[in-house]
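1. got a predicted model here, sequence first, then my questions.
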Amino acid sequence: MIQNLYVMKKTLLLCSLLFVFVSRLYSYAHHPDNSLVYLRIYETAGIEGHFDINSNELNNVLGLRLPKYPTVEEVRLHQHKITSYLLKTAKFSSKYGNHNITFTDEISILRTDFGAFVVFPFFLEHINAIPDTLEVTFKTFIEEDPSHRNLLGIEYNWKSGLINNEAIVALDFSDGNWTKTLALTDTSVWKGFIAMIKQGVWHIWIGLDHILFLLALLLPAVVRRKKEAFVQADSASGNSKFDIWGWEPVLQFKPAFMYILKVITFFTIAHTITLTLASLQLINLPSQIVESVIALSIGLAAYHNIKPIFKGKDWLIAFVFGLFHGFGFSSVLAELGFKGEYLTLSLLGFNIGVEIGQVVIIAAIFPILYLIRTTKIYPKFLVFISGLLILISLYWCIERAFDINLPVDDYICVEGYKIAVYLGLR
């Protein structure tokens, strides 16, 4: 009992740390003594980017009085002063001449543990063709504070294989060394294709809702319902009832694996269809509806494990809800900065990556389920996990449908920290 409790605590800790890790992937390059500029390089749409400026630095250098975590409205009061300062301290040029910075007026706030970074998106003018090199001057705050460091990253460059990149710094700027040359020639279609595969793998692995949907489909793959489970006579009352524990293990590995392979294939076909349609701008659904239905899909797939919705047609659930998961993947591509470049290769690479990610998940979970399928507790385990998935599904569905933030996530993080302290890990 004590050992089981220890394992449960370790598992909860791991999940909590994983959640924190994923949620902070974007922010780890943001430090209080750095200012950042990220560029997005498009073959036909030119060069876009955004400055990420620490609010404390804005206060110190420009004499502002922004709070630790300002709102967009508070920043807008000083917008002209801030952007004028950035235009004086940052410049871009190439063999085609100077490329003026034009701000888009879309301000956002990135929160970190030590304060906020204010994000100012922009685009460069006169980019008729992508130059081989770009000369960059980025001396923001450095003249006022010689210890300050500025960083430049390529957030998106399909042919360089950089997609949704925040970790790899291309240039750094320091006192007396604030003008540098950025090379844009190390590109190939193969790099972009491989990068899209990696993005597909990564986003299925960090997409907890997609993983839980797969888990709901995997749970019944190693067992079959007994025929008498569907209608069982109650000798006392003469009424009929459904037996939720009426499962028996499959006898062989191959039929069970072929079953889940069939189900996942229908899921794949469905999300490929809608991902393509959305990427081609032929069909678009509001993200709030899509994300709510994705959350609901987990619960319905799990409920189907307890009491069949479509008897013997698990593939139908995978296909129908796979359509909505495809719309979810299309929003991921938009967040990556994808604007339709190399559309066929991008969709192919991303889908291949998603399938690789799914295969890895199945390969990790399915053998374990197969090994424990013959135990007496497996039917109860299946129903218990399915019930838990239903609760998670309802929780997410409420959050997404009504656009609210329920406190359970914060509670889990706090409890994870307590467990870490208890286990001597913090």
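-> Cool, the structure landed. Numbers count the residues shown, from 1 in each chain.
2. what sits against residue 356?
-> Going by C-beta atoms under 8 Å, 6 or more residues apart in numbering, residue 356 touches 197, 200, 201. Quick note: C-beta positions are derived from backbone N, CA and C, even for glycine.
3. one more time with 7 Å
-> residue 201 (C-beta atoms under 7 Å, 6 or more residues apart in numbering).
4. which element is it on?
-> Using DSSP states H and E, residue 356 sits in helix 343-372.
5. in the helix or strand just after that helix, which residues are buried?
-> For helix 343-372, the following helix or strand on the C-terminal side (DSSP H and E) is helix 378-402. Across helix 378-402, burial judged by 16 or more other C-beta atoms under 10 Å covers 378-379, 382-383, 385-386, 389-390, 392-393, 396-397, 399-400.
6. show me where pLDDT drops low in the stretch 101-250 of the chain?
-> Residues of the stretch 101-250 of the chain that meet the criterion pLDDT under 70 lie in 113-114, 159-160, 162, 164-168, 187, 227-243.
7. quick one, helices of it?
-> Along the stretch 101-250 of the chain, the segments classed as helices by DSSP state H, counting those that start in this stretch run 189-205, 208-218, 227-230.
8. buried deepest among the ones you listed, which one?
-> helix 208-218 (a mean of 22; mean count of other C-beta atoms under 10 Å).
9. can you give the distance of that helix from its chain's centre?
-> 15 Å (C-alpha atoms, centre = their mean, to the nearest Å).
10. report all helices and strands that that helix contacts.
-> Helices and strands touching helix 208-218, by 3 or more C-beta pairs under 7 Å, 6 or more residues apart in numbering; DSSP states H and E, are helix 253-279, helix 287-306, helix 314-335, helix 343-372, helix 378-402.
11. can you tell me how far the closest residue to residue 79 other than its chain neighbours is from residue 119?
-> Nearest residue to residue 79 in three dimensions, chain neighbours excluded: residue 107, at 6.9 Å (C-beta to C-beta, 6 or more residues apart in numbering). As defined by C-beta to C-beta, to the nearest Å, residue 107 lies at a distance of 7 Å from residue 119.
12. low-scoring stretches of the stretch 301-426 of the chain, by residue?
-> 312, 335-341, 408-426.
13. apply 80 and report the result again.
-> Low-confidence segments of the stretch 301-426 of the chain (pLDDT under 80): 310-313, 332-343, 405-426.
14. quick revisit: do you know which of the helices and strands packed on helix 208-218 lies nearest residue 130?
-> Nearest to residue 130, of all the helices and strands packed on helix 208-218, is helix 343-372, at 17.7 Å by C-beta to C-beta.
15. okay, buried residues for that closest one please.
-> Burial within helix 343-372, assessed by neighbour count using 16+ other C-beta under 10 Å, is assigned to 346-351, 353-358, 361-362, 365-366, 369-370.
16. then stretch 296-313?
-> So stretch 296-313, judged by 16+ other C-beta under 10 Å, has buried residues 296, 297, 298, 299, 300, 301, 302, 303, 304, 305, 308.
17. for those residues, work out which two are farthest apart.
-> 296 and 308 (17.6 Å).
18. related to what we said a few turns ago, phi and psi next, for the residue nearest to residue 79.
-> Main-chain torsions, residue 107, degrees, to the nearest 10: phi -90, psi 140.
19. who's in contact with it?
-> By C-beta under 7 Å, 6+ apart, the neighbours of residue 107 are 72, 75, 76, 79, 118, 119, 120.
20. what about stretch 130-149, start to end distance?
-> 27 Å (C-alpha to C-alpha, to the nearest Å).
21. again but with stretch 332-345, I slipped
-> Stretch 332-345: ends 16 Å apart by C-alpha to C-alpha.
22. one more: stretch 273-288?
-> OK, stretch 273-288 end separation, C-alpha to C-alpha: 20 Å.
23. quick one: mean pLDDT for that stretch?
-> Stretch 273-288 carries an average pLDDT of 88.
24. residue 81: neighbouring residues, count only.
-> 13 (other C-beta atoms under 10 Å).
25. which positions within the one helix or strand it maps to qualify as buried?
-> Assigned by DSSP H and E, residue 81 belongs to helix 79-89. Across helix 79-89, burial judged by 16+ other C-beta under 10 Å covers 82, 83, 85, 86, 89.
26. next one: stretch 310-324
-> For stretch 310-324, by 16+ other C-beta under 10 Å, it's 314, 315, 317, 318, 319, 320, 321, 322, 323, 324.
27. and residue 129, how many neighbours?
-> By the criterion of other C-beta under 10 Å, residue 129 has 10 neighbours.
28. hang on, I meant residue 67
-> Around residue 67 there are 11 residues (other C-beta under 10 Å).
29. per-residue pLDDT of the nearest residue to it once chain neighbours are set aside, please?
-> Using C-beta to C-beta, 6+ apart and skipping the chain neighbours, the partner closest in space to residue 67 is residue 74 (7.1 Å). pLDDT for residue 74: 93.
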